[in-house]
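Enquirer: Make a model of this:
(chains A and B)
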Number of protein chains: 2
Amino acid sequence: MANISRLKIDQADFWKVLEQKLAWNSVADENIVSIVQDIVREVRSKKDKALLEYTYKFDHVTASSVADLEVPMDTIEASLSALPIDQQEALKTAAQRITHYHQHQRQESWIYTEADGTVLGQQITPLDRVGLYVPGGKAAYPSSVLMNALPAKVAGVPELIMVVPSPHGEINRLVLAAAAVAGVDRVFTVGGAQAIAALAFGTETIPKVDKIVGPGNIYVATAKSIVFGQVGIDMIAGPSEILVFCDGKTDSEWITTDLFSQAEHDEDAQAILLSTDKNFLDQIERTIEKLLPTFERHKIIETSLKNRGMLIEVENVDQALEIINFIAPEHLELSVENPQDIASHVRHAGAIFMGRYTAEALGDYCAGPNHVLPTSRTARFASPLGVYDFQKRSSLIQCSPKGSQNLGKIASILARGEGLTAHARSAEHRF
Amino acid sequence: MANISRLKIDQADFWKVLEQKLAWNSVADENIVSIVQDIVREVRSKKDKALLEYTYKFDHVTASSVADLEVPMDTIEASLSALPIDQQEALKTAAQRITHYHQHQRQESWIYTEADGTVLGQQITPLDRVGLYVPGGKAAYPSSVLMNALPAKVAGVPELIMVVPSPHGEINRLVLAAAAVAGVDRVFTVGGAQAIAALAFGTETIPKVDKIVGPGNIYVATAKSIVFGQVGIDMIAGPSEILVFCDGKTDSEWITTDLFSQAEHDEDAQAILLSTDKNFLDQIERTIEKLLPTFERHKIIETSLKNRGMLIEVENVDQALEIINFIAPEHLELSVENPQDIASHVRHAGAIFMGRYTAEALGDYCAGPNHVLPTSRTARFASPLGVYDFQKRSSLIQCSPKGSQNLGKIASILARGEGLTAHARSAEHRF
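Expert: Coordinates of the predicted model:
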């Protein structure tokens, strides 16, 4: 049988074992933190010069200036038109669908006037400039460019700067094509902690941004956490995970492949299946055995399932919901007859894929919702990347003379209660 | 004349001096980080026992159990009814106004159906449980309890746990009264890094929360940054600041007192006045001189104005807007004739106070908008604390059989382009 943990909710140590299997610690060691601190400090003070040195050192790219590392817009456009037509069309359709979905997330300014003429509201504005980090080499995913760039564009961010390393000068054409489709404004072939520092503090050539988004390795993640406060950042993601709940009536090969599609990301990815049907779980074990050798990335899948995978037997939907809300999964697939009934009781999940036809992989590319989702149980308090991450709010307050009297009296009492008499007198001046 | 910097936008070094005066570095030194790491680790592993020990050590409070440190609900209610009627009414009116304003921020779930029957949407849910940190001693502000608790309540958070240290057993009655008004569910008299660790990881007595909000000293802020990821946190605030833009036609005593109301917070607070009227700036200097001795907190105000205050002369509104958007102030007061014209060009500010009657202090207590605002130029990418900080989103995707065919083909092409063949096969199974 397949090498994957089997659990039952009624076993004595169930919740303890579950919690241990879910645990993930992504803290960088002190050595990495210290290296990244040095890089950030150097780039902050020596700017372009330091950036060129690190790019030579880590990416083995020699350039006489950072301007030489900017990819001309016509090269980016050419990367798109050089692709086979079906890939061009797939990227464009995905981009249209993602844009359409995200337009529903746009927030608008609002205002209301009180009886005494006082006006209150909230003004919504986009960020001025956003940096998008894209990893180089093998993990360079064009879908990630679309998912990070398009919500910023929908929010109305006027300038989007992408950085992507080109180790030994190699650059991923699909990533450039996705940048063209997504309307990225400028692309620099720099990467690592040095690219994050350049975006956060600006150099002579690379403009300083207000927020940095996009995935990266531990050096990139550490650099993002160091520059946070100077600029905004997105969540720092842990390994990707899926929780599938199946009533046992979906084709076992479909479900097995769904679990594999999560496990193939990397050895730390996590795929969990919940079912009320013990026989179905047995069948899934056999199907894993049977199908595994037929997958290109079977070694990664095997390790991931062995280390972090779980098949969990529950007795009823309520127990399944208890586990779902405890795990707060990044991806939740409800492969059951009436998924909406269950979904309405899900309190925590990054994305919910409902029904037997909704493979999680569709959401990774083109269904419309974002594939940047809260991992490692953070869906308890965090949300998918969205347009709201590229908009911000300013409160609006305009008191009428009468309103300032009414409010001034209350403010004065409370300010004096707190011992802040300048606050009180500032309010009292107006009445 | 008053001890406060005078600047003119046309002086050669203007932007450099401005940037230096604005700079703020809030990083805790290594010693503090190391102390806080120890406290967090101890409370995480020894729970109640460690929490009691630290409470004895730092707050000089002896208790035989953490349960003894919980404030009974009737004590909390009694704190409110023991207040003078005008304070009770002021707290209640402020709470009503804050609640009413924040109700406009509630986000609702949405869903749409495509032509082929595929359903897409976003499900909005409140957080399960939130922790609210309230400082003890002098900086204990009841207004802060209202501003942090009420948005969570409006969001629908079922359980709100407040922690507040009671050094030597002393507890601020106004803070408890505010907790009663705000509908806080439970209150524990613990504080410092140990209280943050207890909320983040849970103890035998204190329930684990999903997010921690509220102000605190450097130990509290450091603890929050350490537990971030385990739980959500709000922004870590720098010193409070105000930028006033005045056309010179508002009473100079009003404007001076507005500047003082910011400066009285602490020595690091920052008050800046922009004006197109040189004579008005001269007059403000004289008014500062004249009024300063009449304020209780004149020493703090004097130091704050000397170290971080600025009076800046500009030639026109466009220059003022350039400086406003550069600073991205926490509080922006537009003390001019037509403030809405200017406000519509403000791209970055935490809160905008419009018109001569709108003292910033009104917003601190009872106008309605939140007083927890992005400081230190972070309004470039951050927003006031709001209901949206206590709600989260789950993407919803339900493909029809036809929809899974259409999307599956696109996903398959893109997944194969990325070398993720299990993703491709998972999509292909559905068509």
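
Enquirer: Check the spacing between the closest residue to chain B within the stretch 51-200 of chain A and B:Ala415 real quick.
Expert: Closest to chain B within the stretch 51-200 of chain A is A:Ala90: 4.1 Å, counting by CB to the nearest CB. Any C-beta I mention is one placed from the backbone N, CA and C, and that applies to glycine too. To B:Ala415, A:Ala90 is 10 Å away according to CB to CB, to the nearest Å.

Enquirer: Provide a list of residues in contact with the residue lying closest to A:Arg430 once chain neighbours are set aside.
Expert: Spatial nearest neighbour of A:Arg430, excluding adjacent residues (CB to CB, 6 or more residues apart in numbering or on different chains): A:Ser404 at 4.0 Å. Contact partners of A:Ser404, counting by CB atoms under 8 Å, 6 or more residues apart in numbering or on different chains, are A:118, A:427, A:430-431, B:357-359, B:362.

Enquirer: Tell me how far the helix or strand where A:Ser404 lies lies from the chain's centre.
Expert: A:Ser404 is located in helix A:401-417, with elements delineated by DSSP states H and E. Centroid separation between helix A:401-417 and its chain, computed with CA atoms, centre = their mean, to the nearest Å, is 44 Å.

Enquirer: Flag every buried residue along it.
Expert: A:403-404, A:406-417 (16 or more other CB atoms under 10 Å in any protein chain shown).

Enquirer: Spell out which parts of the stretch 151-300 of chain A neighbour chain B.
Expert: A:174, A:210-211, A:229, A:231-232, A:236, A:251, A:253-254, A:257-258, A:260-261, A:263-265, A:295-297 (CB under 8 Å from any CB of the partner chain).

Enquirer: Among these, name the ones in helices.
Expert: A:174, A:253-254, A:257-258, A:260-261, A:263 (DSSP state H).

Enquirer: Now for the closest residue to chain B within the stretch 101-250 of chain A: which residues touch it?
Expert: Chain B sits closest to A:Gly232 of the stretch 101-250 of chain A, with a gap of 3.5 Å, by CB to the nearest CB. The contact partners of A:Gly232, by CB under 8 Å, 6+ apart, come to A:127, A:210-212, B:378, B:380-382.

Enquirer: low pLDDT regions in chain A?
Expert: Confidence mapping of chain A against pLDDT under 70 gives the ranges A:1, A:26-28, A:138-139.

Enquirer: Surely A:Ser261 and B:Ala422 touch.
Expert: Yes: with contact defined as CB atoms under 8 Å, A:Ser261 reaches B:Ala422; the gap is 4.3 Å.

Enquirer: Comparing these two, which shows the higher neighbour count?
Expert: Counted by other CB atoms under 10 Å in any protein chain shown, A:Ser261 and B:Ala422 do not tie: A:Ser261 has more neighbours, with 29 against 26.

Enquirer: Could you measure from that one over to A:Ser304?
Expert: To A:Ser304, A:Ser261 is 11 Å away according to CB to CB.

Enquirer: Would you mind pulling up the elements that the helix or strand A:Leu321 falls within packs against?
Expert: Assessed by DSSP H and E, A:Leu321 sits inside helix A:317-327. Packed against helix A:317-327 by the contact rule (3 or more CB pairs under 8 Å, 6 or more residues apart in numbering or on different chains; DSSP states H and E) you find helix A:14-22, strand A:241-246, strand A:270-275, helix A:339-343.

Enquirer: Now tell me what touches that helix from outside.
Expert: Here helix A:317-327 makes contact (CB under 8 Å, 6+ apart) with A:9, A:15, A:18, A:22, A:243, A:245, A:272, A:274, A:276, A:312, A:314, A:332, A:342, A:345-349, A:377.

Enquirer: what do you get for stretch A:169-176?
Expert: Looking at what lies outside stretch A:169-176 - CB under 8 Å, 6+ apart - the contacts are A:60-61, A:71, A:75-76, A:79-80, A:82-83, A:87, A:134, A:136-137, A:140-142, A:145, A:164, A:187, A:189, B:417-418.

Enquirer: Return the set of residues that bridge with A:His331.
Expert: As for beta bridges, A:His331 partners with A:Ile242, A:Ala351 under DSSP bridges.

Enquirer: what's near enough to touch A:Ser143?
Expert: Contacts for A:Ser143 (CB under 8 Å, 6+ apart) come out as A:94, A:178, A:364-365, A:371, B:414, B:418.
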